[in-house]
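Chemist: What shape does this take:
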Amino acid sequence: MVRIVFVHPDLGIGGAERLVVDAALALKRKGHQVQFFTAHHDPTHCFPETNDGQLEVTCVGDWLPRSTCGKLAAFWAYVRMVYVSLYLILYSGVKFDVAFVDQVSACIPFLRLRGKVKIIFYCHFPDQLLTQRKSLVKKCYRYFLDTLEEKTTTQADCVLVNSLFTASVYISTFKSVETSPSVLYPSLDFETFDRYSSLTLKDAGVDIECEFMFLSLNRYERKKNLPLALESTKLLLDSVPKDKVHKIYLVVAGGYDDRVRENIEHYTELVNLAKSLGISDQVMFLKSPSDKVKIALLRAAKCLIYTPDKEHFGIVPVEAMYVGTPVIAVNSGGPKETIVNGETGFLCEQNPKDFSDTMMKFVTGEVVKETMGSAGHDRVVGNFSFIRFSEHLNYIVQGLMDERKQR
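Modeler: This next block holds a predicted model:
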């Protein structure tokens, strides 16, 4: 048995959080002892496994600011993670052999104070590439944080990334790093999806009846490129005969946190965009759907509209394919590794015309959901299973422990 602690900045709902929760579950099922330390954990806005006794979570430092007047969010994220790490080492009394850190590498030197522990850093994407640089002051501020990110990332014993795309970005971004990261693809716990295999939208409490339901499922963040889904739907509705308009519906659903200003602002922007496009009657917006609702939506959709450009990995297309729903995605980033173009979905150029033309194939019957969906399901089972993920991660952890014993 290996004693493993997960150090994560904000244990809410999102792709990064889903991955670390799955990693903890995988290692726990392999017989290891796991525990989370985080700066924020809201029982009303988290994955159920962190709140139902499956995973032990310790939350400290939530009194620290998340930003200063809406600014310096990255700086405070670093401070909060360092605080969590110092609490873990100095006050928690928890003994551990491996620390699994993700998103913020600045805490790694402090975890090193524990001595012989091994540190895994999971790089979802270099933080410095997630910020748009504008003023000279911000460039100086980011230079400090970016340098810190690169220096501290190199101090991990093992660096993992979520896709070959992210691996290539990691190598080109961190010039001083001599070793390449290892790819650990996120996975699905099929049991959760199978549990709701017979669930209908009505059962899940979603009141939608239409022949062609398209689904966009992403957090309410501007980088997710959600207007593309609305604009594509507008073109589609303008292209079909009038008697078919009422048969087409777009559901825009995703993570929403009322503590995050961007979520609030972007939700309003999207609602207003739907009004300006004249498609409000054909669009439904949902905030933070539960697993039950999300899976029901994925199963009922004619296809998933996945709009992020250069997405690091993108777990939602994998979820859609597992339940037999094809995916239309931007031809870049992680989806190029998960979707087989023309077989399990379509990879399109990042413009409404290309997306709407592809959506039309499902409306006209040129593409049959069931045929493409079956191929997608088989691909996910063969390449992104929880068992495969668990075996790979356990192999990494055991390898680190064997290396430690040899020293």
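Chemist: how much space between the nearest residue to Gln35 once chain neighbours are set aside and Ala24?
Modeler: Nearest residue to Gln35, sequence neighbours excluded (C-beta to C-beta, 6 or more residues apart in numbering): Glu56, at 4.7 Å. In short, each C-beta sits where N, CA and C put it, glycine included. According to C-beta to C-beta, to the nearest Å, Glu56 and Ala24 sit 9 Å apart.
Chemist: most residues in a single helix of this protein, which one?
Modeler: The residue-count maximum for a helix in the chain (DSSP state H) belongs to helix 386-406.
Chemist: ok, residues contacting that one?
Modeler: 2, 4, 22-23, 26-27, 29-30, 32, 97-98, 116, 118, 120, 157-158, 160, 182, 184-191 (C-beta atoms under 8 Å, 6 or more residues apart in numbering).
Chemist: Distance check, the nearest residue to Ser385 once chain neighbours are set aside against Val5.
Modeler: Distance criterion C-beta to C-beta, 6+ apart; nearest residue to Ser385, sequence neighbours excluded, is Ser187 at 6.2 Å. Computed with C-beta to C-beta, the distance linking Ser187 and Val5 is 21 Å.
Chemist: What are the boundaries of the strands in this structure?
Modeler: Remark: strands assigned in the chain by DSSP state E are 3-8, 33-38, 57-59, 98-102, 118-123, 158-161, 182-183, 212-217, 248-254, 283-287, 303-306, 327-330, 345-348.
Chemist: In JSON lines: those strands, plus distance to Val316.
Modeler: Formatted as JSON lines, the strands of the chain follow (distance: least, C-beta to C-beta, whole Å):
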{"stretch": "strand 3-8", "distance to Val316": "20"}
{"stretch": "strand 33-38", "distance to Val316": "23"}
{"stretch": "strand 57-59", "distance to Val316": "24"}
{"stretch": "strand 98-102", "distance to Val316": "19"}
{"stretch": "strand 118-123", "distance to Val316": "19"}
{"stretch": "strand 158-161", "distance to Val316": "18"}
{"stretch": "strand 182-183", "distance to Val316": "19"}
{"stretch": "strand 212-217", "distance to Val316": "5"}
{"stretch": "strand 248-254", "distance to Val316": "9"}
{"stretch": "strand 283-287", "distance to Val316": "14"}
{"stretch": "strand 303-306", "distance to Val316": "6"}
{"stretch": "strand 327-330", "distance to Val316": "8"}
{"stretch": "strand 345-348", "distance to Val316": "12"}
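Chemist: for the worst-scoring helix or strand of the chain on mean pLDDT, which positions count as buried?
Modeler: Least confident element among the helices and strands of the chain, by mean pLDDT, DSSP states H and E: helix 136-153 (a mean of 80). The neighbour-count check on helix 136-153 (16 or more other C-beta atoms under 10 Å) flags 141-142, 145-146, 148-153 as buried.
Chemist: For that helix, name the packing helices and strands.
Modeler: If contacts are counted by 3 or more C-beta pairs under 8 Å, 6 or more residues apart in numbering; DSSP states H and E, helix 136-153 sits against helix 73-90, helix 108-111.
Chemist: and the residue nearest to Ser385, what pLDDT?
Modeler: Looking at Ser187, its pLDDT reads 90.
Chemist: Report the contact partners of it.
Modeler: Ser187 neighbours (C-beta under 8 Å, 6+ apart): 22, 384-386, 388-390.
Chemist: can you do 6 Å?
Modeler: 384, 386, 389 (C-beta atoms under 6 Å, 6 or more residues apart in numbering).
Chemist: Which member of these is positioned nearest Ala74?
Modeler: Of all the contacts of Ser187, Ala74 sits closest to Phe389, with 29.1 Å by C-beta to C-beta.
Chemist: Could you check how far that closest one is from Tyr256?
Modeler: Taken as C-beta to C-beta, the span from Phe389 to Tyr256 is 27 Å.
Chemist: and if you look at Val380?
Modeler: Val380 sits 26 Å away from Tyr256, going by C-beta to C-beta.
Chemist: So between the two, which is more surrounded?
Modeler: Shown here are Val380 and Tyr256; by other C-beta atoms under 10 Å, Val380 has more neighbours (23 against 20).
Chemist: My read is that that one contacts Tyr322, right?
Modeler: Yes: the pair Val380 / Tyr322 is scored as a contact, 4.3 Å apart, by C-beta atoms under 6 Å.
Chemist: Mind pulling up the pLDDT for His246?
Modeler: At His246, pLDDT is 90.
Chemist: For it, grab phi and psi.
Modeler: phi -70, psi -10 (degrees, to the nearest 10).
Chemist: what residues go with each domain of the chain?
Modeler: Following the assignment in automatic domain parsing, the chain carries domains at 3-187+385-406, 192-383.
Chemist: ranking the ones you listed by mean pLDDT, which is last?
Modeler: Note on the domains of the chain: lowest mean pLDDT is at domain 3-187+385-406, with a mean of 89.
Chemist: ok, back up a step: the more surrounded of Glu56 and Ala24?
Modeler: Neighbours were counted for Glu56 and for Ala24 using other C-beta under 10 Å; Ala24 has more, 26 against 14.
Chemist: Setting aside sequence neighbours, what's the nearest residue to that one?
Modeler: Closest to Ala24 by C-beta to C-beta, 6+ apart is Val34, at 4.7 Å.
Chemist: residues contacting the one you found?
Modeler: Counted by C-beta under 6 Å, 6+ apart, Val34 has contacts 4, 24, 27-28.
Chemist: These in helices, which ones?
Modeler: Going by DSSP H, the helices hold 24, 27-28 from the contacts of Val34.
Chemist: Which one of those is nearest to Lys242?
Modeler: Nearest member of the ones in helices among the contacts of Val34 to Lys242, counting by C-beta to C-beta, is Ala24, at 51.9 Å.
Chemist: quick one, what contacts that closest one?
Modeler: Contact analysis of Ala24 by C-beta under 6 Å, 6+ apart lists 6, 34, 55.
Chemist: now the helices and strands packed on helix 136-153 in TSV, with distance to Glu343 and mean neighbour count?
Modeler: Listed next are these as TSV, based on distance: least, C-beta to C-beta, whole Å; neighbours: other C-beta atoms under 10 Å:
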stretch	distance to Glu343	mean neighbour count
helix 73-90	40	20
helix 108-111	41	20
